[in-house]
Structure formats: structure tokens, C-alpha cells
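**Student:** Got a predicted model here, sequence first, then my questions.
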Amino acid sequence: MPRLVDNLRGQLVLLIIAALAVAQTISLWLFVDERGLAVRAALGFEAAGRAANVALLLEEAPVSLHLAILRAANSPLVRFHVSEKSLVDHNSHADRAIEARVRSLLGFARDREIRVELHEVEHGILPMPHLVPEMAEMHLAMMRGELSAIEMQLSIALTDGQWLNVATRFEPPPLQWPWISIVSFGITAAIILITTCWFLLTRLTRPLLRISRATDALGRGEAVNPLPLNGPNEVRGLTQAFNRMQERLTRFVTDRTQLIAALGHDLRSPLTAMRVRAEMVDEDETRESLVASIEEMQEMVDATLAFAQGMASAEAYATVDLGAYLQRLQADTIDDFTMNTANSTNVRLRPQSVRRALRNIIENAQRYGGGAEVTFGYDAEHVQIRVADNGPGIPEAELEQVFEPFFRLEKSRSRETGGTGLGLSIARTIIRGHGGDVALSNRAEGGLLVIVTLPLETELDQLASSISR
């Protein structure tokens with residue numbers, strides 16, 4: 001369930017289902033309420049019709065038959081009686097529809113006074129007193145002991161100056177949820193989700209996942225082909241913008257790499273000529289000094305080119321077993337180092353580039369820290385390769401500065417005691433090109449700890465791969 005809620009498709013599906021459920025609930029509530037109003041109106045009109053007919057009979061029949069007419073009209077739920085006083089004081093809750101109904105049956109006599117009052121009776125009432133005991137018990141059982149009723153009182157002025165008073169009570173219909181509507185909702189939701197929403201959401205989420213995966217790959221320096229323009233207009237526009245960005249970045253990196261390569265080629269030629277001429281110097285001390293300076297310049301040119309290549313490498317990515325990968329690196333290293341690879345895992349990287357970065361870090365630990373101890377661990381998203389040494393460490397103020405190109409802690413600039421100051425810069429450039437990072441810290445027990453972080457294949461990559469298939 002959390003995975004369904006976390007992705008866009010699941011959220012949209014849940015949102016659509018929730019919207020359908022709310023709309024269906026409102027429709028059912030309105031339907032039930034309309035049904036209740038219709039039943040109430042029908043019962044009220046029926047009692048009003050009977051009252052109008054009784055009023056007409058009383059006015060046309062002799063006075064001696066009035067009691068017989070009233071007895072015949074009475075029922076357990078509707079009671080009629082004639083008195084000189086109106087039952088309704090007409091102060092509140094008048095119902096014009098029922099009054100119009102009675103007036104129409106009486107011939108639209110405008111001078112006849114008709115009073116109607118409707119009001120709800122609170123819960124817990126007893127059945128009407130005119131019900132026989134058996135019907136009252138049935139009524140209580142049916143309503144589970146709680147009666148809720150609409151009580152109507154109607155007073156019609158007769159031609160002889162008396163009032164026909166009518167009292168009735170009827171229960172509103174119980175709440176009923178039509179099962180056919182619920183089944184209809186389920187079928188409608190299924191059809192919408194399967195035939196329409198799922199198709200549309202797939203057209204929306206598939207290009208977005210493809211863009212996300214391509215962006216991550218581009219950030220790691222992988223070669224990414226232009227993405228196809230699929231999906232809605234907005235998604236196609238986003239895809240087109242990504243393709244343009246990728247093209248510009250690729251062109252920028254390519255131009256920069258070609259410039260540096262041309263510069264390196266142009267620098268090597270005069271350096272080679274200088275080396276030849278230096279060898280022709282007769283004085284040994286001068287000749288050795290010139291050759292050493294030229295070799296240092298050549299080394300700096302090669303290191304600079306290597307640094308640039310680390311930022312713009314075209315090497316293909318591959319999935320490797322990290323434990324075996326580090327063991328091969330250990331076997332190829334001149335000065336052996338301690339390593340613990342008990343729990344291995346697969347990592348996607350550019351093997352030669354990362355090998356070069358790790359080798360620079362390990363060789364630094366061996367040169368300045370008296371040896372290197374390599375371990376690694378991983379979680380759901382990253383793998384960490386830790387390189388520890390027992391050297392003097394680095395001042396806290398310079399932990400970040402050592403990553404700057406040509407920065408050296410050893411200030412003599414001697415090739416015997418230090419390199420060109422590009423080793424850590426190249427290492428961090430390569431690792432950051434993979435979407436990771438390199439960080440330094442001093443160990444409490446002494447020495448330096450270098451932590452190389454590389455991303456593992458994420459669930460997003462796996463989901464995008466499954467969708468693209």
C-alpha cells in the first residue's frame with residue numbers, strides 16, 4: 001500500500017476512486033432524501049384529500065348524519081372531529097402545498113379558512129393513542145422502540161361556522177441504500193479505471209519515469225539517447241526540453257574535451273623538442289636540471305589531461321560485484337592493502353574510471369598514512385567504500401581544500417615526496433560523475449578516513465525498466 005501511494009499512478013487512482021465514492025454518496029443521500037420527501041408529500045396529500053371529502057359530506061349531509069360520517073372517516077392513523085374551535089392556531093409551520101390541495105378539492109373557495117400545521121415529533125414518542133394495542137406493539141417493534149414521526153394538524157372552516165379538525169401522524173420512510181446503486185458504482189469505477197484512467201495514467205507516468213531515469217543516467221555521465229516524444233502535450237514539451245538540455249550538455253563536454261586534447265597535443269610537441277635539446281647540453285648538472293624540469297612539466301600536462309578525462313569520460317557503464325572488483329584492484333596494486341569484503345553487492349559504474357579513483361585514494365593512504373585498510377557497506381540506496389590509514393591525518397581547515405586541483409599538503413613540490421596535487425581532485429570528479437561523492441575525516445584513534453559513496457540501483461530504475469518493457 002505505501003508503494004502504491006508513493007507513485008503518481010497510485011495517487012491518481014486513489015484520488016479518482018475517492019472522488020467517485022464521494023459523488024456516489026452524495027447522489028445516494030439526495031436520492032434517499034427525495035424519496036422521503038415524496039413519501040411524506042403523498043401521505044400528507046392523501047390525508048388532505050380525505051379531509052376535504054369529509055368536509056364536503058358534512059356540509060351536504062343532514063346534521064343527524066354528521067357523527068356517522070366522522071366515525072366512518074376515522075382510522076387508526078387519521079382522526080376527524082367537529083368543534084367550534086380550530087385545532088390549529090396557525091402560528092407556525094404552515095404548509096401551503098397541502099392547503100392548496102384542500103382548497104382545490106373544495107372548489108377553490110377563497111373565503112374559506114383552511115389552517116395546516118406540520119411539525120416533527122421528537123424521538124422516543126409513543127404510538128398514536130387511537131391505535132389498537134396489537135398495532136401499537138407492532139409499530140414499536142418495527143421502529144426498534146424509537147419512533148420518529150411527522151404530525152399534521154388540519155382545520156377546515158365549515159359553512160355552519162364550525163371547524164373540521166383533522167389529526168394524523170405518519171413516519172418518514174427508513175433510510176434505505178439501494179444495493180443496485182452500490183453495484184453500479186463498483187462497475188462504473190472498474191470500467192473507468194481499467195479502460196480509461198489506467199490507459200491515460202500509463203501514457204502520463206511512463207514518459208515521466210523514462211525522463212527521470214534518463215536524467216539520473218545523464219547525471220552519472222552515461223550516454224543517453226534522445227527520448228521519444230510520447231504522452232500529453234505537457235509531457236512531450238518536458239521530454240523535448242530534456243532532449244535539448246542533453247544535446248547542449250553533450251556538445252559542451254565534447255567541445256571542452258576536444259579543446260583539452262588539442263592543448264595537450266600542442267604542449268607535448270614543444271616539450272618533446274625541449275627534451276631533445278636538453279639532452280644535447282654538455283654540462284651534466286645543467287642538463288640534468290633541464291631534463292628534470294621538462295619531465296615535471298610533462299607529468300603535469302599528463303595529469304591535467306587525466307583530470308579533464310575524468311570529468312568527461314566516455315567509458316560505458318557496467319554492473320560489477322563490488323567485492324570481486326575490489327579484490328582485483330588489490331591484486332593489481334603494487335603495495336598490498338588490507339581489505340574486508342565479507343558482504344558484497346552489485347554496483348553499476350564505469351569500471352576503469354572508478355578503479356582509477358580508488359587507486360588514487362588508496363595510494364595516497366599508502367604513501368602518507370603508512371598503509372590502507374579498505375572496507376565497504378551499503379544500505380537501500382548507497383554503497384560506502386571506506387579507506388582508513390594510520391597517518392598523521394589532515395588539519396580540519398584543509399579537509400576540503402585538498403580536493404582543489406594542484407593543492408598539495410607537502411609544499412616542497414618535490415616529485416620524490418609528492419605528486420602533482422591532482423589525485424584527490426580526479427577521484428572526486430570521477431565519483432561525482434557517478435552521482436556519488438568523496439569525503440574526508442580524521443579518525444579519533446588517529447589517521448585519515450576517506451569515504452567513497454556510490455548510488456545503488458534505485459526502485460525508480462527498476463520500475464522504469466519494468467514499465468519500458
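**Tutor:** It's in.
**Student:** From what I see, residue 206 and residue 230 are in contact.
**Tutor:** Yes: contact criterion C-beta atoms under 8 Å: residue 206 and residue 230 qualify, at 7.2 Å. C-betas here are computed from N, CA, C, even on glycine.
**Student:** Give the residue from the two that has the larger number of neighbours.
**Tutor:** Set residue 206 next to residue 230 and count neighbours by other C-beta atoms under 10 Å: residue 206 wins out with 17 against 13.
**Student:** For the helix or strand containing that one, which helices and strands make contact with it?
**Tutor:** Using DSSP states H and E, residue 206 maps to helix 198-219. Counting contacts by 3 or more C-beta pairs under 8 Å, 6 or more residues apart in numbering; DSSP states H and E, helix 198-219 is packed against helix 8-60, helix 233-279, helix 459-468.
**Student:** Please state the offset of that helix from the chain centre?
**Tutor:** Put simply, helix 198-219 sits 15 Å off its chain's centre (C-alpha atoms, centre = their mean, to the nearest Å).
**Student:** in that helix, what counts as buried?
**Tutor:** Neighbour-count burial for helix 198-219, counted by 16 or more other C-beta atoms under 10 Å, picks out 201, 204-214, 216-218.
**Student:** Would you map the strands across the stretch 351-469 of the chain?
**Tutor:** With DSSP state E, counting those that start in this stretch as the criterion, the stretch 351-469 of the chain has strands at 373-378, 382-388, 437-442, 448-455.
**Student:** Could I get these in JSON lines, plus columns for distance to residue 281, mean neighbour count and mean pLDDT?
**Tutor:** Shown next, in JSON lines, are these (distance: least, C-beta to C-beta, whole Å; neighbours: other C-beta atoms under 10 Å; pLDDT from 0 to 100):
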{"stretch": "strand 373-378", "distance to residue 281": "46", "mean neighbour count": "18", "mean pLDDT": "87"}
{"stretch": "strand 382-388", "distance to residue 281": "44", "mean neighbour count": "19", "mean pLDDT": "91"}
{"stretch": "strand 437-442", "distance to residue 281": "43", "mean neighbour count": "16", "mean pLDDT": "92"}
{"stretch": "strand 448-455", "distance to residue 281": "43", "mean neighbour count": "20", "mean pLDDT": "92"}
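**Student:** any idea which of the helices and strands packed on helix 198-219 scores lowest on pLDDT?
**Tutor:** Least confidently modelled of the helices and strands packed on helix 198-219 is helix 459-468, at a mean of 44 by mean pLDDT.
**Student:** returning to what we had before: among the strands of the stretch 351-469 of the chain, which comes closest to residue 266?
**Tutor:** Closest of the strands of the stretch 351-469 of the chain to residue 266 is strand 437-442, at 31.7 Å (criterion: C-beta to C-beta).
**Student:** which stretches of the stretch 251-400 of the chain aren't confidently modelled?
**Tutor:** Across the stretch 251-400 of the chain, the ranges flagged by pLDDT under 70 are 257, 260-261, 264-265, 303-314, 334-336, 340-342.
**Student:** What separation do you get for residue 101 and residue 428?
**Tutor:** Distance from residue 101 to residue 428, counting by C-beta to C-beta, to the nearest Å: 90 Å.
**Student:** Beta-bridge partners for residue 152, please?
**Tutor:** Judged by DSSP bridges, the bridge partners of residue 152 are residue 118, residue 168.
**Student:** residues contacting it?
**Tutor:** Contacts for residue 152 were tallied using C-beta atoms under 8 Å, 6 or more residues apart in numbering; they are 44, 47, 95, 98, 116-118, 166-170.
**Student:** residue contacts, residue 17?
**Tutor:** Contact analysis of residue 17 by C-beta under 8 Å, 6+ apart lists 189, 193.
**Student:** So residue 368 is in contact with residue 391, correct?
**Tutor:** Yes: applying C-beta under 8 Å as the test, residue 368 and residue 391 come out as touching, 5.1 Å apart.
**Student:** Now the helix or strand containing residue 116: buried residues?
**Tutor:** Taking DSSP H and E as the definition, residue 116 sits inside strand 114-121. Under the neighbour-count criterion of 16+ other C-beta under 10 Å, strand 114-121 has 114-118 buried.
**Student:** Does the closest residue to residue 115 other than its chain neighbours fall in a helix, a strand, or a coil region?
**Tutor:** Among residues not flanking residue 115 along the chain, residue 88 sits closest, at 3.9 Å (C-beta to C-beta, 6 or more residues apart in numbering). State at residue 88, reduced to three classes by DSSP: H, G, I helix; E, B strand; the rest coil: coil.
**Student:** Tell me how many other residues crowd residue 88.
**Tutor:** Using other C-beta under 10 Å, residue 88 is surrounded by 21 other residues.
**Student:** What separation do you get for residue 354 and residue 383?
**Tutor:** From residue 354 to residue 383 the distance is 11 Å (C-beta to C-beta).
**Student:** Identify the contacts common to those two.
**Tutor:** Common contact partners of residue 354 and residue 383 (C-beta under 8 Å, 6+ apart): residue 454.
**Student:** In terms of model confidence, name the weakest of the buried residues of helix 198-219.
**Tutor:** Lowest pLDDT within the buried residues of helix 198-219 is found at residue 201 (68).
**Student:** quick one, what contacts the closest residue to residue 452 other than its chain neighbours?
**Tutor:** Nearest non-adjacent residue to residue 452, counting by C-beta to C-beta, 6+ apart: residue 385, 4.2 Å away. Contacts for residue 385 (C-beta under 8 Å, 6+ apart) come out as 322, 326, 358, 374-376, 451-452, 454.
**Student:** Residue 299 versus residue 343, what's the distance?
**Tutor:** 39 Å.
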